[in-house]
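> what's the 3D shape of this:
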Amino acid sequence: MEKCECLAYSYHICLKSIFKELNLSYCHMIPKPCTYPLVVYTVGIRSSLYPPSEEMRLKEMGAEFYRTSRGGLITFHGPGQLVAYPVLNLQVWTPSVKWYVCQLEKTIIELCHQLDIYASTSPYTGVWVQNKKIAAIGIRMSRWVTSHGIGLNCNTDLSWFDHIVPCGIADKGVTSLSQEVGGDVSVSDATPFFLSAFSHVFHCSFKSQTLDELWYDLDNSSR
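You can find the predicted model right below:
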């Protein structure tokens, strides 16, 4: 598993695609929100629910808008949110979509418990604190290789969620680590807890690399 430097969303998606083609397992992290686009809205495969007029409305607020290949409806990514898009070959673990989503949920729940936040699952995908979602999960699977992943609200400006119906669930709210602990919890603060929880749940370890080191390994892997 490899933890990468922070990237812009479009570059991040490109890198993820390269890993998928090379059939490598890694976990790409965005540890510093200051280098992430100010606001990004993404929609899943049911993007017909979001016509060009809706896309234009969100872009006029200064947001980027992407139609993706993941499951789920519309969600938000932006500063103060820990985004992790693992690319894993589940044949190394357990080849099951349900198992994988449950493992991601367990990872976030374990992270929250380390911060004395009682989080749980619900009939809806994701991780919740009572009736408020603290982490969204949207994935894609192709030949048991995963893409897309988790968005965990750390010290996110939650008002950006007011412009959408997050994940298509109209009667639920959103929350963040900072809101739940009553103090500031940045993405940098949350990252070690995430890495620890992910390693424990998936029985793996992380290798930290610079982007130059990562591209060198990718180049060697493609030969």
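
> His148: how many residues sit nearby?
24 (other CB atoms under 10 Å). From N, CA and C alone the C-beta is placed, and that goes for glycine too.

> and it, what does it touch?
By CB atoms under 8 Å, 6 or more residues apart in numbering, the contact list for His148 reads 68-70, 85, 138-140.

> Give me the phi and psi for it.
phi 60, psi -170 (degrees, to the nearest 10).

> What pLDDT does the model give it?
Listed pLDDT for His148 reads 84.

> is it in a bridge, and if so with what?
Beta-bridge partners of His148, counted by DSSP bridges, are Ile139.

> Tell me which other helices or strands the strand or helix carrying Phe198 touches.
Following DSSP states H and E, one finds Phe198 within helix 187-202. Contacts defined by 3 or more CB pairs under 8 Å, 6 or more residues apart in numbering; DSSP states H and E place helix 187-202 against strand 26-30, strand 81-87, helix 97-114.

> count of neighbours near Asp116?
Applying other CB under 10 Å, we find 8 residues neighbouring Asp116.

> Which residue ranges of the chain form strands?
With strands called from DSSP state E, the chain shows them at 2-3, 26-30, 40-43, 64-67, 75-77, 81-87, 127-129, 132-142, 145-153, 173-174, 207-208.

> And the average pLDDT for the third one is what?
Looking at strand 40-43 alone, the average pLDDT works out to 90.

> Parallel or antiparallel, list what pairs with it.
With DSSP bridges as the test, strand 40-43 is paired with strand 64-67 (parallel), strand 75-77 (antiparallel).

> Now render those as CSV, adding mean pLDDT and distance to Thr107.
As requested, these are exported to CSV (pLDDT from 0 to 100; distance: least, CB to CB, whole Å):
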stretch, mean pLDDT, distance to Thr107
strand 64-67, 89, 24
strand 75-77, 90, 18
